[in-house]
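# build me a model:
(one chain, ligands or ions: 2)
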Amino acid sequence: MSSSFGSRFRVTLFGESHGPAIGAVIEGVTPGLHLEEGYIRAYCARRLARGAYSTARREPDLPHIVSGAVDGVACGTPLTVVIENTSTRSGDYGPQSQIARPGHADYTGHLRYGGFNDVRGGGHFSGRLTAPLVYAGAVASLMLRQRGIAIGAHAAEIAGVTDTPFDPVSVGPREFDALHSRDFPVLDPAVGEGMQAAIAAARADCDSVGGVVECAVTGLPAGVGDPFFDTLESRLAYLLFAIPAVKGVEFGAGFSAARMRGSESNDPFVSEGGKIRTSRNAAGGIQGGISNGMPLLFRAAFKPTPSIAKPQQTVNFVTGEALTAEIRGRHDPCIVPRAAVCVEAAAAIALADLLG
Ligand SMILES: Cc1cc2nc3c(=O)[nH]c(=O)nc-3n(C[C@H](O)[C@H](O)[C@H](O)COP(=O)(O)O)c2cc1C
Ligand SMILES: C=C(O[C@@H]1CC(C(=O)O)=C[C@@H](OP(=O)(O)O)[C@H]1O)C(=O)O
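Ligands and ions are numbered 1, 2, ... in the order given. From the prediction side, this is the model:
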């Protein structure tokens, strides 16, 4: 069983998409931390379904704190947050409960839990579990903010439409603030229009599209991370791959470094006012698994949403009968716009755990 992560900042997720509630138990919160309601509300709101590019399932996702805080101040003891599921429509899953939705976790979940898993809405596998993940990320971000660490993410690519990338050397809180104030998380709003048109076209075709989230962290001191098994990349990737539908993670130049020469991939060192920096940042701020003081930069690839209305070949995994699946329900035609904050949250949790 592993719905828990971390040792110094530990997050346990619980619940299913169509149960009464989902939530998190968060351990390692700094005693006395002010759980700023406005900050946490705005942070979590970035994950809410909205516009024509999200699922039609709409819920306020109000966090109810049931332990670990008094009058909005963390006690330091386990902080438990409960978020009600208020818009379930389980009838969409009744007749298809034994049908393996291509791309979803119905079949593997059935194998892993001997058929006792809650299949409604993907149960514990659902992207819905990112609501408490994001709440925990908001708390972690408040802790990181006290250390001058800031995190921002944007939809770098959707259906082949690309946003302006972060400047790998100078990216900072100014870009993050702009992103956090926008409904659609892109640096260039005109690009966002193109992305939304591509999502609408896929939806009209009973299909879905994927994309890439780019994330940056600034203010992280040099020297964080350990070889071999606790490298900064490993710790971040571990959390990023917990987000449903993430299929690839790269740091800095990532896979494109495989096509560079050493002279392009190496970041020249410079000394500025007694501080050592690099004049480029192909390393994404990490060398030898340890932060070098430059912005951390990484990208997470999201596959297209698996539940699509287009007829697909599959089987009933109990009887073995061949079927054509025509999936009903309220699904995101693209996960990426809502997932940018999930990537920020995953990074915040990983870093809060590393920094202790
Ligand atoms: C924020 C978010 C929303 C998602 N929305 C949907 C959805 O509406 N329909 C769906 O089939 N999958 C959705 N997913 C993805 C599935 O949960 C995921 O593909 C599934 O659990 C299988 O896991 P895997 O893709 O990592 O193998 C969403 C994921 C996230 C992070
Ligand atoms: C509800 C959310 O996302 C859900 C994630 C999801 C999935 O299969 O991952 C399937 C859909 O839910 P359902 O089929 O149960 O209506 C999405 O709406 C959410 O993110 O809050």
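
# can you count the residues close to the residue of the chain at minimum distance from ligand 1?
Going by Cβ to the nearest ligand atom, ligand 1 is nearest to residue 127 of the chain, at 2.5 Å. No exception for glycine: its C-beta is placed from N, CA and C like everyone else's. Neighbourhood size, residue 127 [other Cβ atoms under 10 Å]: 22.

# is it true that it touches residue 246?
No: in terms of Cβ atoms under 8 Å, residue 127 does not count as a neighbour of residue 246; the distance is 10.6 Å.

# and residue 147, helix, strand or coil?
Three-state secondary structure (criterion: DSSP: H, G, I helix; E, B strand; the rest coil) places residue 147 in coil.

# got a list of what it touches?
If you count contacts by Cβ atoms under 8 Å, 6 or more residues apart in numbering, residue 147 has them with 219, 355.

# can you do 10 Å?
When contacts are counted by Cβ atoms under 10 Å, 6 or more residues apart in numbering, residue 147 touches 219, 220, 221, 351, 352, 355.

# assess the claim that the residue of the chain closest to ligand 1 and residue 332 are in contact.
Yes: the pair formed by residue 127 and residue 332 meets the contact definition of Cβ atoms under 10 Å, at 7.4 Å.

# now list whatever residues contact both of those two.
With the criterion set as Cβ under 10 Å, 6+ apart, the overlap between the contacts of residue 127 and residue 332 is 55, 245, 305, 338, 339.

# inside helices: which ones of those?
The subset of the shared contacts of residue 127 and residue 332 located in helices under the criterion DSSP state H comprises 338, 339.

# out of the shared contacts of residue 127 and residue 332, who's the most crowded?
Neighbours here are counted as other Cβ under 10 Å. On that basis the top member of the shared contacts of residue 127 and residue 332 is residue 339, with 28 neighbours.

# nearest residue to residue 291 in space, please, no chain neighbours.
For residue 291, ignoring the flanking residues on the chain, the nearest one in space by Cβ to Cβ, 6 or more residues apart in numbering is residue 224 at 4.4 Å.

# mind checking pLDDT for the one you found?
Reported pLDDT at residue 224 in the predicted model: 97.

# likewise residue 93?
With respect to pLDDT, residue 93 scores 81.

# from what I see, it and residue 331 are in contact.
No: taking Cβ under 10 Å as the definition, residue 93 is not a contact partner of residue 331, at 11.9 Å.

# hey, what's in contact with both of those two?
Residues touching both residue 93 and residue 331 (Cβ under 10 Å, 6+ apart) are residue 121.

# ok, of the contacts of residue 147, which come out buried?
With neighbours counted using 16 or more other Cβ atoms under 10 Å, the contacts of residue 147 contain these buried positions: 219, 220, 351, 352, 355.

# what does the stretch 201-350 of the chain put close to ligand 2?
For the stretch 201-350 of the chain, the residues in contact with ligand 2 (Cβ under 6 Å from any ligand atom) are 244, 307, 329, 330, 331.

# least confident of those?
In terms of pLDDT, the least confident member of these is residue 329, at 88.

# tell me the spacing between that one and residue 18.
Between residue 329 and residue 18 the distance is 11 Å, computed by Cβ to Cβ, to the nearest Å.

# also residue 231?
Distance of residue 231 to residue 18, computed by Cβ to Cβ: 38 Å.

# higher neighbour count, those two?
Neighbours per residue (other Cβ under 10 Å) separate residue 231 from residue 18, with residue 18 holding more: 20 against 17.
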